[in-house]
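A.B. asks: structure of the sequence below:
(chains A, B and C)
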Amino acid sequence: MSGIDVNDILEEFETTSRNEISKSLYSENLYEELITAMINERMSPELLPYKKELLNQVLRRISNQQQDLLDSHEYGEINAESGVVSTDFKLQLMIIETDIERFNYLVRLYLRTRLTKLDKYTIHYINETVGNGKILLSPEEEEYIDQHFKILTKLYNNCFLKKMPSSLTLLDDTTGGQSMIEIPDTESHVFIKSITKSTIFVTLDDGEELNIENEGIYVVKYSSIKRYIEIGDIVLI
Amino acid sequence: MVLPKQLQGNLMPSEVNFLGENELVTILPRYSMKKMQLIGTKIPALRAMRREQVPLWVALILKSQDKCSIVPPKWLNVVYLKDKYDEEVRNPNQFSSLPWHWLEISKILLARAADDLTDPSHQLRSILQDLREIRLVKSRKGLKELNESNIVLNGLSLLEINELRPFVLTVMNKLRQLHDTNNEQTAADTNGNDSDGMADDDDYDDEGAYV
Amino acid sequence: MYGEIANKLILDAKRTQNLSEIPLYQTDLVKDILKEIQDLNNDSEYLIEQQQQLEEEPLTEEEMKINQCQIFVTQLSMRRNKRCLLAYERLRSEKIVEFSWLNVNPIIDSSTSTSSGSGSGSGNSLNNSKSKSSGTDSNSIYNNYTTSLTIDNLNHAEQDYYKGYQDLILNYKSKFSDIDLSGDLEPPTNIFIDVRVLKDAGEVQTEYGSFNLIKDSQFYVRKSDVDRLIQQGYLEEL
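C.D. replies: Next up, the predicted model:
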């Protein structure tokens, strides 16, 4: 019955992970990168491009780790009956499980933050993505925003729009001196931190220049540093 | 909304805490454990009494099982913190540099690894409190000089920044609005002077924004 | 005065913002506003007709201006009413969205239940966060969050929307099978916790082995495994 050994399973954790590492360039920074992506998305007034590579990698590794954990639990159960589960083994499983939960949480927050923005500025992002080469949304998000727009339009129509004079039945009404489409406020202020060694020079609205030093923390207009977030020289905090 | 309002453009204190738990700490294992590859990090092989660095959250799991003691970070002792405090007093216009997560880490370690710290908890708590307060006073003073374009907060930690966030953003966005309407007003005035015939239309546009 | 009913609707929306539930749909107010819009539209059409007649028999510049101004104000009032309706419905739809992410069952029959939130088993994320932040409620992530929904408070279109949105997120979530997207939004700081047994409860099986819950003994366990026992008062978190 003792065909499987604790060490075998732990060994397996290592080998699967080792293979993964060779496949990926950024494994070491995966955690940092996901946190940065999540916080950037939380703090930026507009939707940032979907971090496809990063998310694919994180999701794949969560899935692998989860599967390994399930296998180990099964193993643990068999052995619990004969009372041979070592505390070591339990401890390692606890660490692995906590690790998965922490990643799970970060991904959850990242994705839900993005959906929140898609809901807030639905029409804006539908217009934005049409015919625009830039990959802002994931395929899942595109489906989400299209479907959501569809049922929202139906809701507004059935509640009152269809009962209005024909001149007013449009949902995305921009006439009458005031647009009814909400758009992200890229002029709003954000907290930033520079993580590049070199100094960044930003020209502010009043023509003044701001020198953003390494590790420096500033509150500036999002629009003035937007492109440094994309490069990764500046992170939102 | 998909995300509660409190989480939009804002971090909860519990989240800052969560981020702090990712910081590396040095531990002194009491037993051996094989190395592990986690999703985002590697945990080195542990051997009894050989120091290793692991994320704080891992250290806390090991600690709770009595499998290690945590080596206090070099800044978490009364002498060092007292130095920092003096520095804060000496430089009224500058924050002394403390780790990005000093408040959370010290709080966590005081709560869950007090026996590993070199100084008595009450002394540490008191100097930490002093430091926190003097920096708070400073940042409030600094905020008096808010303007609508930018401010510098070098030296503050994430938790401290997060506490300032709601106030700073509200004020700066209000200032911005004032600034903008001011500019629009001047622009509108000059326009009005340029073409008298258009004056009526301008009035209508203003009314349009009354909702 | 025109726009007054719309104001009432906006006040209702404002109240609704901070509620943990979605109040009854204001059928009458919405109907009245639509009626008002129709009236305004008739006025506007009449004024435009008048203007066209005036062309055959031109009037003074001043009369013309008055007429134009009237048309303008009517149009604005109509648009304002429309904005108010949109704002009202948008808020309600946002609350429906909020509730949908909780993964809790709605209240089907409003007459039998208070807002205690049915489906006691599935409301985990919510209960967790409540017990965690006991006392410091203002800091809770779920403050002002829509935590209960009574189907009868929604109109038909809204009920359809609720169903549609549930399907929508079910589909979205299915693309991320390893991520519990409806899970707790509080960070997972303590997945494993120390507990003390308050009352004898016999043996409990978990994935981490079995525990014999004898009064005053202590264990290090996965929180989700013992949440229920804590709620039932068998264990306390240390």
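A.B. asks: and the residue of chain C nearest chain B?
C.D. replies: For chain C and chain B, the shortest gap (Cβ to the nearest Cβ) falls at residue C:187, measuring 3.5 Å. For every residue, glycine as well, the C-beta is placed using N, CA and C.
A.B. asks: that residue: how many residues sit nearby?
C.D. replies: Neighbours of residue C:187 under the rule other Cβ atoms under 10 Å in any protein chain shown: 20.
A.B. asks: can you give me phi and psi for it?
C.D. replies: Main-chain torsions, residue C:187, degrees, to the nearest 10: phi -60, psi 140.
A.B. asks: skip the chain neighbours and tell me the closest residue to it.
C.D. replies: The shortest distance from residue C:187 to any non-neighbouring residue, by Cβ to Cβ, 6 or more residues apart in numbering or on different chains, is to residue B:18 (3.5 Å).
A.B. asks: tell me which element that neighbour falls in.
C.D. replies: Assigned by DSSP states H and E, residue B:18 belongs to helix B:13-20.
A.B. asks: what is that helix packed up against?
C.D. replies: Packing partners of helix B:13-20 (3 or more Cβ pairs under 8 Å, 6 or more residues apart in numbering or on different chains; DSSP states H and E): helix B:102-112, helix B:158-194.
A.B. asks: list the buried ones in the first one?
C.D. replies: Just to be clear, that refers to helix B:102-112. Neighbour-count burial for helix B:102-112, counted by 16 or more other Cβ atoms under 10 Å in any protein chain shown, picks out B:102-110.
A.B. asks: name the nearest of those residues relative to chain C.
C.D. replies: Taking Cβ to the nearest Cβ as the measure, chain C lies nearest residue B:108 of the buried residues of helix B:102-112, at 9.3 Å.
A.B. asks: what pLDDT does that closest one get?
C.D. replies: On pLDDT, residue B:108 comes in at 96.
A.B. asks: contacting residues for it?
C.D. replies: Residue B:108 makes contact with B:17, B:20-21, B:56, B:60 under the criterion Cβ atoms under 8 Å, 6 or more residues apart in numbering or on different chains.
A.B. asks: likewise residue C:182?
C.D. replies: Each residue near residue C:182 by Cβ under 8 Å, 6+ apart is listed here: C:101-103, C:125, C:173.
A.B. asks: now do the buried residues in the host helix or strand of residue C:30.
C.D. replies: Here residue C:30, judged by DSSP H and E, is contained in helix C:27-56. Judged by neighbour count using 16+ other Cβ under 10 Å, the buried positions of helix C:27-56 are C:29-30, C:32-34, C:36-37, C:40-41, C:43-44, C:47.
A.B. asks: what does stretch B:112-130 give?
C.D. replies: Residues of stretch B:112-130 classed as buried: B:113, B:116-117, B:119, B:124, B:127-128 (neighbour count, 16+ other Cβ under 10 Å).
A.B. asks: near chain C, from those?
C.D. replies: Residues of the buried residues of stretch B:112-130 in contact with chain C (Cβ under 8 Å from any Cβ of the partner chain): none.
A.B. asks: please enumerate the helices of chain B.
C.D. replies: In chain B, the segments counted as helices under DSSP state H are B:13-20, B:56-64, B:78-90, B:102-112, B:121-143, B:158-194, B:199-208.
A.B. asks: and residue 64, how many residues sit next to it?
C.D. replies: Since you didn't name a chain, this refers to chain A. 17.
A.B. asks: I was after chain C.
C.D. replies: The number of residues packed near residue C:64 is 14, by other Cβ under 10 Å.
A.B. asks: cool, residue B:183 as well?
C.D. replies: Using other Cβ under 10 Å, residue B:183 has 11 neighbouring residues.
A.B. asks: what of residue C:167?
C.D. replies: Residue C:167, neighbours per other Cβ under 10 Å, totals 13.
A.B. asks: ditto for residue C:14
C.D. replies: Residue C:14 is flanked by 12 other residues according to other Cβ under 10 Å.
A.B. asks: now residue A:183
C.D. replies: Neighbours around residue A:183, by other Cβ under 10 Å: 15.
A.B. asks: what's the nearest residue to residue A:99 if we skip its chain neighbours?
C.D. replies: In space, and not counting its chain neighbours, residue A:99 is closest to residue B:38: 4.3 Å by Cβ to Cβ, 6+ apart.
A.B. asks: thinking again about what came up before, tell me the most buried of the helices and strands packed on helix B:13-20?
C.D. replies: Most buried of the helices and strands packed on helix B:13-20, by mean neighbour count (mean count of other Cβ atoms under 10 Å in any protein chain shown): helix B:102-112, with a mean of 20.
A.B. asks: about what we covered before: now distance to chain A too, for the buried residues of helix C:27-56, in JSON lines please.
C.D. replies: Compiled in JSON lines, the buried residues of helix C:27-56 are given as follows (distance: Cβ to the nearest Cβ, whole Å):
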{"residue": "C:29", "distance to chain A": "11"}
{"residue": "C:30", "distance to chain A": "6"}
{"residue": "C:32", "distance to chain A": "12"}
{"residue": "C:33", "distance to chain A": "8"}
{"residue": "C:34", "distance to chain A": "5"}
{"residue": "C:36", "distance to chain A": "11"}
{"residue": "C:37", "distance to chain A": "6"}
{"residue": "C:40", "distance to chain A": "9"}
{"residue": "C:41", "distance to chain A": "4"}
{"residue": "C:43", "distance to chain A": "11"}
{"residue": "C:44", "distance to chain A": "9"}
{"residue": "C:47", "distance to chain A": "14"}
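A.B. asks: turn the residues you listed into TSV, including distance to residue A:44 and pLDDT.
C.D. replies: Rendered in TSV, the data for the buried residues of helix C:27-56 read as follows (distance: Cβ to Cβ, whole Å; pLDDT from 0 to 100):
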residue	distance to residue A:44	pLDDT
C:29	37	93
C:30	36	92
C:32	41	92
C:33	37	92
C:34	39	91
C:36	41	91
C:37	38	91
C:40	41	91
C:41	42	89
C:43	46	89
C:44	43	87
C:47	47	86
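A.B. asks: any idea which residue sits dead centre in chain B?
C.D. replies: The residue lying closest to the centre of chain B (Cα atoms, centre = their mean) is residue B:158, at 1.3 Å.
A.B. asks: roughly how far apart are it and residue B:165?
C.D. replies: Going from residue B:158 to residue B:165 by Cβ to Cβ, to the nearest Å gives 10 Å.
A.B. asks: overlap in contacts, these two.
C.D. replies: With Cβ under 8 Å, 6+ apart, residue B:158 and residue B:165 have common neighbours residue B:11.
A.B. asks: give me phi/psi at residue 196?
C.D. replies: Let's take chain A. Residue A:196 adopts backbone torsions of phi -100, psi 150, taken as degrees, to the nearest 10.
A.B. asks: the chain in question should be chain C.
C.D. replies: Backbone torsions of residue C:196, given as degrees, to the nearest 10, read phi -120, psi 140.
A.B. asks: and it, how far from residue C:238?
C.D. replies: 6 Å.
A.B. asks: C-terminal to the lowest-mean-pLDDT helix or strand in chain C, what's the next element?
C.D. replies: The helix or strand of chain C with the poorest confidence is helix C:124-132; it has a mean of 41 (mean pLDDT, DSSP states H and E). Sequence-wise, the next helix or strand downstream of helix C:124-132 (DSSP H and E) is helix C:156-174.
A.B. asks: mean confidence for that following helix?
C.D. replies: What helix C:156-174 shows for mean pLDDT is 96.
A.B. asks: so where's chain C shaky on pLDDT?
C.D. replies: C:1, C:54-56, C:58-59, C:109-139 (pLDDT under 70).
A.B. asks: please repeat the previous calculation with a cut-off of 50.
C.D. replies: For chain C, applying pLDDT under 50 flags the ranges C:113-137.
A.B. asks: quickly list the domain ranges of it.
C.D. replies: Domains of chain C are assigned by automatic domain parsing as C:4-92, C:192-237.
A.B. asks: how far off helix B:158-194 does the helix holding residue B:18 point, in degrees?
C.D. replies: 120 degrees (axes from the mean of the first three to the mean of the last three Cα atoms, to 10 degrees).
A.B. asks: report whether the longest helix along chain C contacts chain A.
C.D. replies: For chain C, the helix that runs over the most residues, judged by DSSP H, is helix C:61-102. Yes. Using Cβ under 8 Å from any Cβ, we find that helix C:61-102 touches chain A at C:75-76, C:78-79, C:82-83, C:85-86, C:89, C:93-94, C:97, C:101.
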